[in-house]
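Q: Got a predicted structure here, sequence first:
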Amino acid sequence: MRDWKNEIRSAIAGLKLMPAQEAEVVEELSQHLQDRAETMLASGLAPPRVEEAIIRELQDPALIAGLRATMRSAQPLPPLGGGSGEQTLTRLSMDLRYAVRLLLQNPGFAAVVILSLALGIGANTAIFELLNAVRLRVLPVSNPDQLAAVRIVQPRDCCMGDHYSDHPDLTGAIWNQVRQRQNGFSELAAWYPPALNLGYGIESRPIDALLVSGDFFELLRVQPSLGRLIAPGDDHRGCGAGSAVLSHAFWQREFGGDPAALERKITLNGLPFQIIGVAPPAFYGIEVGRAFDVAVPLCAEAVFSTKRSLIDIPFAWWLTTIGRLRPGWTIERASAQLAAISPGIFSATVPPQFDAQDRKQYRSFRLGAVPAANGFSTLRGRYQEPLSLLLGLSGLVLLIACANLANLMLARASAREREMAVRLTLGASRSRIIRQLLTESLLLSLAGAAAGVGLAEVLSRLLVAWLSTQRDRVFLELTMDWRVVAFVAALAVLSTVLFGLTPAFRASRVDPGAALKTSGRGASASGESLLLRRILAVSQIALSMVLLVTALLPLSIAPSRAAIFQPSIRSEESFTIPTTPTKHMK
Amino acid sequence: MDRDSKKARAMDAPGATVKTRGSAELLILSLLEYRARHGYEICKLIEDRSEGLLTFNVASFYPLLYRLERRGWIAGRWVEKAGQRRRRYYKLTPSGKKMLKAQRSGWRDFVTAIRRITEAEHA
């Protein structure tokens, strides 16, 4: 008995139905026509007449017109890549909903993946947050790109004398000369960060102070949140124990944010200072890693000194400068001007204690301007390398996690072969399958990244606490800025690609026929899939070995190198000033 | 009267096309009210029960059947039975049942209205 399938297929070819849909229509119409032919033959109609009648039915224009009106609009989705933005969003939303449903059906699998990614992304983000705070973030002041510092740039390894801070760039005499002779800066200020004692006698405790010249706050365009800030009028020779400005955090911590603090005095190294104002909450100082508690005028240094004031000691290196470039001036132009006035400045400030050779060397020093938009930091030099190394190691951890998850996804893809086979049979394209699986991976990555960000907030604070000691508190502003957000987003996308792409490609290459035949007897991984999984397992072991060796290397090679990870080994000797200055005679 | 002559008379009757489409849907829905049937069975039943007055060919029947399915009034499903080819059986959906009830009511009103008019002419 003829089945008429070829005739039906050619009759409806113009409809361009999806293959699965066309196959169903052909099968159904074929059965109908076979039944009809049997009935007509049974009623005594001659075979040629039967065939003629059936051909006539198939050639009826109403068939294709009727099917076109019904079937065309029945197609659920437009083809991939040809839709508008709205259609793309609709499809993405459908993919996401489907992915959410699937993950809710497999909460154990989802939890394992999200937790693994959270650990990997969290560790990376925590370390990046520290690096960002130490290395990349600019000072919280207006137009930080206009800020620069003046220091001796030639020779780089200078200078003979006593050094009193982490950034001992200038002596008092040089500072006075620079202030008078420079032209590149519209404003120039000096500062010095001693550790002073708050309170009297045995109840006193160290705080982070900041001695600043009169135009320090004005130069930085910092506005007070209460009272006023130190002004040029407060900083004059012989000012004694005068005015003090509290940081916002200190004001909150010590005075409970009480505005009446302005009527009170604060005791620093046993001397009373009148509180005149409170700095804004965002301003922690200009030193990365150290927040100030109290700022007093630079001239007050004399009252803390038991002998000569540092400003009068020609070989006491204790001041750091910061200046705002004049409009139209660049760092290079300011440096050139400073270099030009350097011989005059150093000739005028030669310490009388120096012998002839030291004097000659001193006179050869050259001043220059260096960018200060990122503030000043000893942490930068001390921790940048260890943090970069840690970031590399945690990157390896994330890589291992991704390899592990890729293995998990490959195993899951094997278990989902029947689903993929059915979707391919129903007309889904390979790209459609890959997109769906990548959407699932992206959803997992985003959930892992969200959990990782939460974990990073805890980890980064733990790391900062680990870097701090009782005597040397480390303050880092660990807020999520655009760099951290971009870093997390990049990690999420990278993770998606690393653990989702290969399993997605693998799953889309399933042979529908073979998969459907074996589905009833349980899915089994193919040779290619097993090979991929073995490669991933070997990669994991190799990366783990690299990680292990890298982690043990600093400890095994030289104990001194391990010291970079030990925050307790640091030489901070500026607890009190200037009774015990650190002497680095070079 | 033989089937062909009945069919010819029915098609020649004035106003026959007025209710053709609506009535075809009603016929299909009615035949699926109590049990699922495949396409050829539905066609054959219509032809037999109308004694050849109403017939469908594949060109007129299947577009209509698919349209009813697309509207959600009937649902098709491939069924395999031992020793037989698999066939696509259609059954009435809950919304199809509501539609059948509404169409039956409308058809009854239509027939009543026609009868009243035609009987009034003869009264």
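A: Arrived safely, thanks for sending. Quantities reported herein were computed from a predicted structural model and do not represent experimental measurements.

Q: For stretch A:536-555, the averaged confidence score.
A: Averaging pLDDT along stretch A:536-555 yields 67.

Q: And for stretch A:350-368?
A: Averaged over stretch A:350-368, pLDDT sits at 87.

Q: Could you do stretch B:82-91 as well?
A: Mean predicted confidence for stretch B:82-91 is 88.

Q: next one: stretch A:215-230
A: Stretch A:215-230 comes out at a mean pLDDT of 90.

Q: Would you mind measuring from residue A:182 to residue A:139?
A: Distance of residue A:182 to residue A:139, given as Cβ to Cβ, to the nearest Å: 21 Å. In short, each C-beta sits where N, CA and C put it, glycine included.

Q: what do you get for residue B:24?
A: Distance from residue B:24 to residue A:139, by Cβ to Cβ: 81 Å.

Q: And for residue A:175?
A: Applying Cβ to Cβ, the value for residue A:175 to residue A:139 is 21 Å.

Q: Between those two, which is the more surrounded one?
A: residue A:175 (24 against 20; other Cβ atoms under 10 Å in any protein chain shown).

Q: Need the residues that contact the host helix or strand of the more buried one.
A: For residue A:175, the element it lies in under DSSP states H and E is helix A:172-181. Where contact means Cβ atoms under 8 Å, 6 or more residues apart in numbering or on different chains, the residues beyond helix A:172-181 that reach it are A:150, A:170, A:188, A:190, A:309-314, A:316, A:318-319, A:321, A:338, A:341, A:344-346, A:348-349, A:367.

Q: can you do 6 Å?
A: With contacts defined as Cβ atoms under 6 Å, 6 or more residues apart in numbering or on different chains, helix A:172-181 is touched by A:150, A:188, A:190, A:311, A:314, A:319, A:341, A:345, A:348, A:349.

Q: helix/strand/coil for the closest residue to residue A:506 other than its chain neighbours?
A: Of all residues not flanking residue A:506 in the chain, residue A:413 sits nearest, at 5.7 Å (Cβ to Cβ, 6 or more residues apart in numbering or on different chains). Secondary structure assignment for residue A:413 (DSSP: H, G, I helix; E, B strand; the rest coil): helix.

Q: can you check residue A:131 too?
A: helix.

Q: Tell me which residue in chain B sits closest to chain A.
A: Closest residue of chain B to chain A, Cβ to the nearest Cβ: residue B:63 (2.6 Å).

Q: Helix or strand for that residue, just tell me which one.
A: Using DSSP H and E, residue B:63 falls in helix B:58-70.

Q: how far out from the middle of the chain is that helix?
A: 11 Å (Cα atoms, centre = their mean, to the nearest Å).

Q: same question, stretch B:33-42
A: On Cα atoms, centre = their mean, the centre of stretch B:33-42 falls 11 Å from the chain's centre.

Q: Same check on stretch A:347-359?
A: 49 Å.

Q: contacting residues around that stretch?
A: Stretch A:347-359 is contacted from outside by A:173, A:174, A:177, A:314, A:315, A:362, A:363, using Cβ under 6 Å, 6+ apart.

Q: Spatially central residue for chain B, please.
A: residue B:27 (2.0 Å; Cα atoms, centre = their mean).

Q: out of everything not next to it in sequence, what's closest to it?
A: The spatial neighbour of residue B:27 that comes closest, neighbours along the chain excluded (Cβ to Cβ, 6+ apart), is residue B:46 at 5.5 Å.

Q: quick check, the one you found in a strand?
A: No - the assignment for residue B:46, made by three-state DSSP, is helix rather than a strand.

Q: Was I right to think it contacts residue B:54?
A: Yes - under the contact definition of Cβ atoms under 6 Å, residue B:46 touches residue B:54, with a separation of 5.3 Å.

Q: Now the residue of chain A found nearest chain B: which helix or strand?
A: Of all residues in chain A, residue A:66 sits closest to chain B, at 2.6 Å by Cβ to the nearest Cβ. Taking DSSP H and E as the definition, one finds residue A:66 inside helix A:61-71.

Q: Can you give the distance of that helix from its chain's centre?
A: On Cα atoms, centre = their mean, the centre of helix A:61-71 falls 58 Å from the chain's centre.

Q: and for the helix or strand that it is followed by, what are the contacting residues?
A: Downstream of helix A:61-71, the next assigned helix or strand under DSSP H and E is helix A:85-105. Here helix A:85-105 makes contact (Cβ under 6 Å, 6+ apart) with A:110, A:436, A:439, A:440, A:443.

Q: Check whether the second one sits in a helix, strand or coil.
A: Secondary structure state of residue A:436, per three-state DSSP, is helix.

Q: Next up, the contacts around it.
A: Per Cβ under 6 Å, 6+ apart, neighbours of residue A:436: residue A:95.

Q: pLDDT wise, what is it at?
A: We have a pLDDT of 85 for residue A:436.

Q: all strands for chain B, in order.
A: B:37-38, B:74-79, B:87-92 (DSSP state E).

Q: Angles on the backbone of the residue nearest the centre of chain A, please.
A: Nearest residue to the geometric centre of chain A (Cα atoms, centre = their mean): residue A:484, 2.5 Å. Dihedral pair for residue A:484: phi -70, psi -40, per degrees, to the nearest 10.

Q: Which residues are in contact with it?
A: Applying Cβ under 6 Å, 6+ apart, the residues near residue A:484 are A:129, A:132.

Q: Please tell me how far it sits from residue A:384.
A: In terms of Cβ to Cβ, residue A:484 sits 17 Å off from residue A:384.

Q: I'd like to know which elements the strand or helix carrying residue A:114 is packed against.
A: According to DSSP H and E, residue A:114 maps onto helix A:107-131. Taking 3 or more Cβ pairs under 6 Å, 6 or more residues apart in numbering or on different chains; DSSP states H and E as contact, the helices and strands that helix A:107-131 lies on are helix A:379-415, helix A:430-467, helix A:482-508.

Q: returning to that earlier point: columns mean neighbour count and distance to residue A:156 on top of the strands of chain B, output as JSON lines?
A: Shown next, in JSON lines, are these (neighbours: other Cβ atoms under 10 Å in any protein chain shown; distance: least, Cβ to Cβ, whole Å):
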{"stretch": "strand B:37-38", "mean neighbour count": "20", "distance to residue A:156": "93"}
{"stretch": "strand B:74-79", "mean neighbour count": "16", "distance to residue A:156": "84"}
{"stretch": "strand B:87-92", "mean neighbour count": "20", "distance to residue A:156": "87"}
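
Q: neighbours around the residue lying closest to residue A:166 once chain neighbours are set aside, how many?
A: Spatially, and ignoring its direct neighbours in sequence, residue A:166 is nearest to residue A:378 (4.3 Å; Cβ to Cβ, 6+ apart). By the other Cβ under 10 Å criterion, the neighbourhood of residue A:378 contains 16 residues.

Q: Likewise for residue A:398?
A: Number of residues near residue A:398 (other Cβ under 10 Å) recorded here: 22.

Q: Report the contact partners of residue A:290.
A: Residue A:290 neighbours (Cβ under 6 Å, 6+ apart): A:208, A:475.

Q: scratch that, residue A:324 is what I was asking about
A: A:146, A:186, A:187, A:219.

Q: Keep only those of these that are in strands.
A: Of those, the ones assigned to strands by DSSP E are A:186, A:187.

Q: Would you mark the buried spots in whichever helix in chain B runs longest?
A: Criterion DSSP state H: the longest helix present in chain B is helix B:94-122. Neighbour counts over helix B:94-122 (16 or more other Cβ atoms under 10 Å in any protein chain shown) mark B:96, B:99, B:100, B:103 as buried.

Q: Likewise for stretch A:299-310?
A: Buried residues in stretch A:299-310 (16+ other Cβ under 10 Å): A:299, A:300, A:301, A:302, A:303, A:304, A:309, A:310.

Q: interface residues of chain A facing chain B?
A: Within chain A, the positions lying close to chain B (Cβ under 6 Å from any Cβ of the partner chain) are A:28, A:29, A:32, A:35, A:57, A:60, A:62, A:63, A:66, A:67, A:70, A:74.

Q: Out of these, which end up buried?
A: Buried among the residues of chain A next to chain B by 16+ other Cβ under 10 Å: A:28, A:29, A:32, A:35, A:57, A:63, A:66, A:67, A:70.
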